[in-house]
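>>> For reference, the sequence and a predicted model appear below.
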Amino acid sequence: MADKRIWVVDDDEVDLMTYKRVFGVLDRSDLAVIYFDRSETMLDALNSESERPELIFLDLNLPGLSGIEALCQIKQLTHTLPVVILSTSSSNIDVTGALKAGANAYFDKPIDFNHFSDVIEVNLNFWLDRNLRK
């Protein structure tokens, strides 16, 4: 039964397919993954959802409201929701800006599937599974 909600916010079709492939390969029936291709849609859901996600994977380069702007709004709503940035940008300005805005982690988006899968799995283990030990 899926009892942990994960939200992925990314507008790139190839990256979304990679996320879906990663979550399909992971043996995690406890996860319910919802995908958004715009930060505005995700923020609308975050404002209206009674059940918020336990973790958000967020891209920076999004159409409309940028990932940084969305991150700031997420953190205004809740400081406890972990947000992990996965971006093609490795610019110090982007990394520093995201961390200052409240990102809990920042990763360059891996090109290799196995590395991408490892990044997702490490973050799931850290942000979700560590809470089970409390």
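Arrived safely. None of these values were measured; they are calculated from a predicted model. Numbers count the residues shown, from 1 in each chain.
>>> from here on, contacts and neighbour counts on C-alpha atoms
OK.
>>> Apart from its neighbours in sequence, what residue is nearest Asp11?
Asp37 (4.2 Å; C-alpha to C-alpha, 6 or more residues apart in numbering).
>>> residue ranges with poor pLDDT in this structure?
Applying pLDDT under 70 to the chain flags the ranges 1-2, 131-134.
>>> That one: helices as residue ranges?
13-25, 39-48, 67-77, 92-101, 113-127 (DSSP state H).
>>> most packed of these?
Per residue and on average, the most neighbours among those fall to helix 67-77, with a mean of 18 (mean count of other C-alpha atoms under 10 Å).
>>> So in terms of bridging, what pairs with the residue nearest the centre of the chain?
When C-alpha atoms, centre = their mean is applied to the chain, the residue found nearest the centroid is Phe57 (0.6 Å). Beta bridges link Phe57 to Val8, Val84 when assigned by DSSP bridges.
>>> Quick one: closest of the helices of the chain to Val33.
Taking C-alpha to C-alpha as the criterion, helix 13-25 is the member of the helices of the chain that comes nearest to Val33, at 8.0 Å.
>>> Distance from that closest one to the middle of the chain?
Helix 13-25 sits 13 Å away from the centroid of its parent chain (C-alpha atoms, centre = their mean, to the nearest Å).
>>> Ok, stretch 114-129 next?
Stretch 114-129 sits 11 Å away from the centroid of its parent chain (C-alpha atoms, centre = their mean).
>>> which residues touch it?
Under the contact criterion C-alpha atoms under 8 Å, 6 or more residues apart in numbering, stretch 114-129 has outside partners 22, 26, 54-55, 82, 84, 107, 109-110.
>>> still on that earlier bit, quick check: phi and psi on the residue nearest to Asp11?
The phi/psi pair for Asp37 (degrees, to the nearest 10) reads phi -100, psi 0.
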